[in-house]
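Visitor: Okay, here's the prediction I keep looking at, along with the sequence it came from:
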Amino acid sequence: MFNRQQSITRARAVDLSSTDDTMPANSPTRAVFVGTGGTLIVELAGAPGVSVTYKVQSGTRQQISVSKFIKSGTTAADIVAEF
């Protein structure tokens with residue numbers, strides 16, 4: 001796995017325009033930045049196949065380890081996956 005105390009070294013925009021967005025194998029996020037608040041539905045790295053719903057505010061960073069972002073039901077936008 002990884003040490004949460006290490007700095008974030010990579011980031012990429014999450015694209016939910018057409019389908020779910022899955023993180024690379026063995027590389028879940030360290031955190032997720034949400035630019036525009038709303039509902040964020042994800043699968044956490046430790047629970048594949050189980051979706052979790054978060055209500056998030058604009059401009060916040062969620063310290064969660066995500067393996068997949070779920071398109072259906074997610075209303076948050078400007079999402080950045082941080083590794």
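Guide: That came through, no problem.
Visitor: I'd assumed residue 81 was in contact with residue 8.
Guide: No - Residue 8 is beyond contact range of residue 81, at 10.0 Å (criterion: CB atoms under 8 Å). To be clear about C-beta, it is placed using only N, CA and C from the backbone, and glycine gets the same treatment.
Visitor: okay, the two: which has more neighbours?
Guide: residue 81 (21 against 13; other CB atoms under 10 Å).
Visitor: what's residue 73 in contact with, if anything?
Guide: With contact set as CB atoms under 8 Å, 6 or more residues apart in numbering, residue 73 has these partners: 39, 41, 53.
Visitor: just these now: which is nearest residue 14?
Guide: residue 41 (11.7 Å; CB to CB).
Visitor: Mind telling me what element that closest one is part of?
Guide: strand 38-44 (DSSP states H and E).
Visitor: Give me the helices and strands touching that strand, please.
Guide: Strand 38-44 is packed against strand 31-36, strand 51-56, strand 66-69, with contacts defined by 3 or more CB pairs under 8 Å, 6 or more residues apart in numbering; DSSP states H and E.
Visitor: Quick check: mean pLDDT of that strand?
Guide: The pLDDT scores in strand 38-44 average 98.
Visitor: From the chain's centroid, how far away is it?
Guide: Relative to its parent chain, strand 38-44 has a centroid offset of 7 Å by CA atoms, centre = their mean, to the nearest Å.
Visitor: pLDDT weak spots in this protein?
Guide: 1-5 (pLDDT under 70).
Visitor: Isn't residue 49 up against residue 68?
Guide: No - the criterion here is CB under 8 Å, and residue 49 misses it with residue 68 at 9.2 Å.
Visitor: re earlier: and for residue 8 and residue 81, which residues touch both?
Guide: Joint contacts of residue 8 and residue 81 (CB under 8 Å, 6+ apart) do not exist.
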